[in-house]
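Asker: can't give you the sequence, but here's the structure:
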């Protein structure tokens, strides 16, 4: 059960980004951009709601995955990384709410394009929104690096897998909206599945830990 966030988070994030129409996953900072994106959003309102819901759920589960990893590793460094990951995932979900849901709601509101555009620009340039964005990106990046170090020191995880963790997360996070997000997220999916398997008690009972083969003597 504890591996569920590790398995679901990358899948939901990849699927949500793949369903999001291109260009509709970025903060809106100008009226002209808002008008252009509103025209696109009006044609995909239902899809935009669903994709943003999936991304928000994925970010929440990503935060939970960091907490799970932090508890399993058990070190102070992993605990710090888990806390930072949880904060980053929560702030990321809020950012996605401001960017994606506001755009979908504005496109579905029936108000004039100029009025909707002004509201979107106000939300996109608000100080709170940018603080959430910086906190989201900063916390997740730092959490990934710290968790990588903690995992490298944890016996059940091979060092190559620990090193791959932050890079796979970075590539997945940099993926643009659209089908290409699925391809760019595949390394992160693979890394998270591998980590989830390492959390399986049966995996440890079988002796699959670094430097020890199943059935080998322990001393």
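Answerer: In hand now; what should we look at? Please read these numbers as outputs of a predicted model, since none were measured by experiment.

Asker: ok, for residue 165, nearest residue in space, not its chain neighbours?
Answerer: Leaving out its chain neighbours, the residue that sits closest to residue 165 by C-beta to C-beta, 6 or more residues apart in numbering is residue 148, at 5.0 Å. No exception for glycine: its C-beta is placed from N, CA and C like everyone else's.

Asker: quick one, what contacts the one you found?
Answerer: For residue 148, the contact set (C-beta atoms under 8 Å, 6 or more residues apart in numbering) comprises 162, 163, 165, 166.

Asker: pLDDT at the first one, what is it?
Answerer: Reading off the confidence values, residue 162 has pLDDT 94.

Asker: just checking, it touches residue 151?
Answerer: Yes. Using C-beta atoms under 8 Å, residue 162 is in contact with residue 151, at 3.7 Å.

Asker: now residue 24: how far from residue 150?
Answerer: 36 Å (C-beta to C-beta, to the nearest Å).

Asker: er, residue 34 actually
Answerer: 42 Å.

Asker: if we can go back for a sec, so which of the contacts of residue 148 wins on neighbours?
Answerer: In terms of neighbour count, residue 165 stands highest of these at 24 neighbours, by other C-beta atoms under 10 Å.

Asker: tell me the buried residues in the helix or strand harbouring it?
Answerer: Using DSSP states H and E, residue 165 maps to helix 159-173. By 16 or more other C-beta atoms under 10 Å, the buried positions in helix 159-173 come out as 161, 162, 164, 165, 166, 168, 169, 172, 173.

Asker: ok, now stretch 64-77?
Answerer: Buried residues in stretch 64-77 (16+ other C-beta under 10 Å): 64, 65, 66, 67, 68, 69, 70, 72, 73.

Asker: tell me where this structure has helices.
Answerer: Counting by DSSP state H, the segments of the chain that form helices are 4-19, 31-41, 45-73, 76-96, 102-108, 113-124, 127-152, 159-173, 180-198, 201-205.

Asker: coming back round to it: separation between the residue nearest to residue 165 and residue 12?
Answerer: 22 Å.

Asker: repeat that for residue 181.
Answerer: Separation of residue 181 from residue 12 (C-beta to C-beta) stands at 12 Å.

Asker: thinking residue 170 is in contact with residue 144, fair?
Answerer: Yes. The pair residue 170 / residue 144 is scored as a contact, 7.2 Å apart, by C-beta under 8 Å.

Asker: pLDDT weak spots in the protein?
Answerer: Within the chain, the segments meeting pLDDT under 70 span 200-219.

Asker: just give me the residue closest to the centre of it.
Answerer: residue 59 (4.3 Å; C-alpha atoms, centre = their mean).

Asker: pretty sure that residue contacts residue 89?
Answerer: Yes. Contact criterion C-beta under 8 Å: residue 59 and residue 89 qualify, at 4.8 Å.

Asker: hmm, back to that, got the buried residues of stretch 64-77 as TSV, with distance to residue 42 columns?
Answerer: Shown next, in TSV, are the buried residues of stretch 64-77 (distance: C-beta to C-beta, whole Å):
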residue	distance to residue 42
64	34
65	35
66	37
67	39
68	40
69	41
70	43
72	45
73	47
